[in-house]
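Trainee: got a predicted structure here, sequence first:
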Amino acid sequence: MEYIDLKCTPEQAANAEFIQLSLERLLKQNRLAFHWRIEKKSIDARGRSPLMQLRIGVLPSGIDFPTPTLRQFQLHQPQHSCIIVGSGPAGLYAALRCIELNIKPIVLERGKDVRARRRDLVSITRSGEVNPQSNYCYGEGGAGTYSDGKLYTRSTKKGSVRRVLETLVQFGANENILTESHPHVGTNKLPGIISSMREAILHAGGEVHFNTQVIDFRVEENEIKEVICSDEKRFNSEFVILATGHSARDIFELLDRKKIALEPKAFAVGVRIEHQQQFIDKMQYHCESRGEYLPPAAYSIVAQVNDRGVYSFCMCPGGIVAPCATEPEGVVTNGWSPSKRNNEWANSGVVVEAHPQDWEKLGFTGNLGGVKFQRSIEEKAYQLGKTKQFAPAQRASDFIHNKISSDLPHSSYQPGITSCNLNEVFPEFISKSLRDALVQFEKKMPGYASRNALLIAPETRTSSPVRIPRDNQHLYHPEIKNLFPCGEGAGYAGGIASAAIDGERVADAIAALIPS
């Protein structure tokens, strides 16, 4: 296959005839001699007018473009099984890969199926009631299902990102995720995809158990023998994959209580910043209106202040700020976008690096010091919000000047917001770093930290505050035989795609231990 790189206007990029004529001119061939398809697409907004960068694959007429081979999922009298704790991307992809390797997956999910979760999310939004077992973080599909489905990752050396994307397409995602530089499924699309994955697991002969919370492990002679769940359910298997996600605090506490090795890990803490999408479009595209051929603009911004990094995180064009608490007396924010990204607001996390030595100075010690630090901020936000799941909020310029906002702009966040001084939510090393970084960001993007920008707190679940150690080669826990920490909750991934890759890697590692 020959590749042609073409830079053109957004309108031209949407015009197949323009691309065809451009290729004829560049290749000096008649249109009947070849056919083409777009392999990659990205936006170059560095100049005065944004341009589209297309990588186009070209083949001679009569030679078909390669198409993804559909993965086949069917167990054939499996002799081995694997318990998978958690049905987020790491757990689901581990289960699918186990089936390909003829290992029966037994998936245990503390929350509800993806459709039933909706009622609990509505309850958080409308009445501020948090179900500790079913919320934005817990339930089938994991945290990413109802918070966006961004698929961008830098974890290309650990596995095939293309394979992850093609699998999503096989289960119903739009094929454009194979060509976009920052692929995104959309919260409105993901539930159907997740349901299809589950049905494939069941149809193949695997098991999926909902409302099944792991409460204990039976370990004998440093080998995991049994997984004990709520309602006195017990499961035996040779192998256990722990893919519980970054918010499964009870699992971290269980491991610590049983003296199974784990360690504190750095993560980031901050706020959600919300702007009108039109403002972000104007800043990024250098025009009053982006028109119909450009997608809602995104951004990425970073600063180094006070010897620590401050950066945008999980930016959501045309998005919603969502209530993502997992405990009734805590407030947590996150963001998501529908597939069309057509909401009037844009939001992003703006977060500050936090390290174990930072929270140890505040008295949060031990392996779970980071968990305690997270919880302290979330509980403080809950107290300041005053009403169930109302989030403390402040205009960005007022936060910088350390004064409470007399009024607040409209926000996408439901249940609602309360005007507070966010400097009271965070310890000084976080709030000072945020203030200093926002001043820098304002210089780079005038208006970014103005009174029209709204800060909503807190953003605390950027990644796991704990790492569960594992052998670098075999991927199992160094102390407990046949226990495989996996995905974002164990500290080995940072999003949907990388978690999915890690799930497949762990399944392959298990298969390598089975005698042929």
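Mentor: Nice, I can see it.

Trainee: only C-alpha atoms from now on, for both contacts and neighbour counts.
Mentor: Fine.

Trainee: would you mind measuring from the residue sitting nearest the centre point of the chain to residue 246?
Mentor: The centroid of the chain falls nearest to residue 495 when counting by Cα atoms, centre = their mean (3.8 Å). According to Cα to Cα, to the nearest Å, residue 495 and residue 246 sit 10 Å apart.

Trainee: hey, what's in contact with both of these two?
Mentor: residue 488 (Cα atoms under 8 Å, 6 or more residues apart in numbering).

Trainee: which residues of this structure score low on pLDDT?
Mentor: Across the chain, the ranges flagged by pLDDT under 70 are 147-150, 152-159.

Trainee: would you mind giving the domain segments of it?
Mentor: 2-60, 80-263+465-513, 266-459 (automatic domain parsing).

Trainee: from the contact counts, what lies against the host helix or strand of residue 283?
Mentor: Assigned by DSSP states H and E, residue 283 belongs to helix 277-285. Helices and strands touching helix 277-285, by 3 or more Cα pairs under 8 Å, 6 or more residues apart in numbering; DSSP states H and E, are strand 345-354.

Trainee: who touches the strand it packs on?
Mentor: By Cα under 8 Å, 6+ apart, strand 345-354 touches 266-278, 280, 308-321, 334-335, 411-412, 430, 433-434, 459.

Trainee: strand partners of that strand, parallel vs antiparallel please.
Mentor: strand 267-276 (antiparallel), strand 308-316 (antiparallel) (DSSP bridges).

Trainee: now the first one, how far from the chain's geometric center?
Mentor: The gap between the average C-alpha position of strand 267-276 and the chain average comes to 15 Å, counting by Cα atoms, centre = their mean, to the nearest Å.

Trainee: which residues touch that strand?
Mentor: Against strand 267-276 from outside (Cα under 8 Å, 6+ apart): 321, 333-335, 344-355, 411, 430, 434, 448, 452-465.

Trainee: can you show me the strands along the stretch 151-300 of the chain?
Mentor: With strands called from DSSP state E, counting those that start in this stretch, the stretch 151-300 of the chain shows them at 207-209, 214-220, 223-229, 234-236, 239-242, 263-264, 267-276.

Trainee: can you list the strands that the fourth one pairs with?
Mentor: Sheet neighbours of strand 234-236, with direction, are listed as strand 223-229 (antiparallel) (DSSP bridges).

Trainee: now residue 351: how far from residue 463?
Mentor: Taking Cα to Cα as the measure, residue 351 falls 11 Å from residue 463.

Trainee: more neighbours: which of the two?
Mentor: Of the pair residue 351 and residue 463, residue 351 is the one with more neighbours under other Cα atoms under 10 Å, namely 26 against 22.

Trainee: what about the residue nearest to the more buried one when sequence neighbours are not counted, how many residues nearby?
Mentor: Take residue 351 and drop its neighbours on the chain: the residue closest to it by Cα to Cα, 6 or more residues apart in numbering is residue 270, 4.0 Å away. By other Cα under 10 Å, the residues close to residue 270 number 32.

Trainee: so what's residue 270 bridging to?
Mentor: residue 351, residue 459.

Trainee: how near is residue 501 to residue 101?
Mentor: On the measure of Cα to Cα, residue 501 and residue 101 end up 16 Å apart.

Trainee: actually, residue 412.
Mentor: In terms of Cα to Cα, residue 412 sits 45 Å off from residue 101.

Trainee: swap in residue 113?
Mentor: From residue 113 to residue 101 the distance is 25 Å (Cα to Cα).

Trainee: residue 394 looks like it's in a helix, true?
Mentor: No. Counting by DSSP: H, G, I helix; E, B strand; the rest coil, residue 394 is located in no helix; its state is strand.

Trainee: just list whatever residues bridge to it.
Mentor: Applying DSSP bridges, one finds that residue 394 bridges with residue 455.

Trainee: who's in contact with it?
Mentor: Contacts of residue 394 by Cα under 8 Å, 6+ apart are 404-405, 408, 419-422, 454-456.

Trainee: return the member of those nearest to residue 126.
Mentor: Distance ranking of these against residue 126, using Cα to Cα, places residue 456 first at 17.9 Å.

Trainee: number of nearby residues for the closest residue to residue 43 other than its chain neighbours?
Mentor: Counting by Cα to Cα, 6+ apart, residue 43 lies nearest to residue 52, which is 4.7 Å off, once chain neighbours are set aside. Residue 52 has 20 neighbouring residues, counting by other Cα under 10 Å.

Trainee: so which strand or helix has residue 52?
Mentor: With DSSP H and E as the criterion, residue 52 is inside strand 51-60.

Trainee: just checking, what packs against that strand?
Mentor: strand 2-8, helix 10-13, strand 34-44.

Trainee: restricting to C-alpha, output the helix or strand following the shortest one in PDB.
Mentor: It refers to helix 10-13. Sequence order places helix 16-27 as the next helix or strand after helix 10-13, per DSSP H and E. The C-alpha trace of helix 16-27 is given here as PDB (Å, rounded to 0.1, in the frame of the first residue of the first chain):
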ATOM      1  CA  ALA A  16     -14.300  13.100  -1.600                       C
ATOM      2  CA  GLU A  17     -14.100  14.500  -5.100                       C
ATOM      3  CA  PHE A  18     -11.500  17.000  -4.000                       C
ATOM      4  CA  ILE A  19      -9.400  14.200  -2.500                       C
ATOM      5  CA  GLN A  20      -9.800  12.100  -5.600                       C
ATOM      6  CA  LEU A  21      -8.600  14.900  -7.900                       C
ATOM      7  CA  SER A  22      -5.700  15.700  -5.600                       C
ATOM      8  CA  LEU A  23      -4.600  12.100  -5.700                       C
ATOM      9  CA  GLU A  24      -4.900  11.900  -9.500                       C
ATOM     10  CA  ARG A  25      -2.700  14.900  -9.800                       C
ATOM     11  CA  LEU A  26      -0.100  13.700  -7.200                       C
ATOM     12  CA  LEU A  27       0.000  10.200  -8.600                       C
END
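
Trainee: tell me what angle helix 16-27 forms with strand 51-60.
Mentor: 70 degrees (axes from the mean of the first three to the mean of the last three Cα atoms, to 10 degrees).

Trainee: report the angle between helix 16-27 and strand 34-44.
Mentor: Using the same axes, to 10 degrees: helix 16-27 against strand 34-44 is 110 degrees.

Trainee: helix 16-27 packs against which elements?
Mentor: Going by 3+ Cα pairs under 8 Å, 6+ apart, helix 16-27 lies up against helix 10-13.

Trainee: output the helix it packs on as PDB, restricted to C-alpha atoms.
Mentor: Output in PDB follows, covering the C-alpha atoms of helix 10-13 (Å, rounded to 0.1, in the frame of the first residue of the first chain):
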ATOM      1  CA  PRO A  10     -11.600  21.200   6.700                       C
ATOM      2  CA  GLU A  11     -14.200  21.700   3.900                       C
ATOM      3  CA  GLN A  12     -11.900  20.000   1.300                       C
ATOM      4  CA  ALA A  13     -11.200  17.100   3.700                       C
END
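
Trainee: no further questions, thank you.
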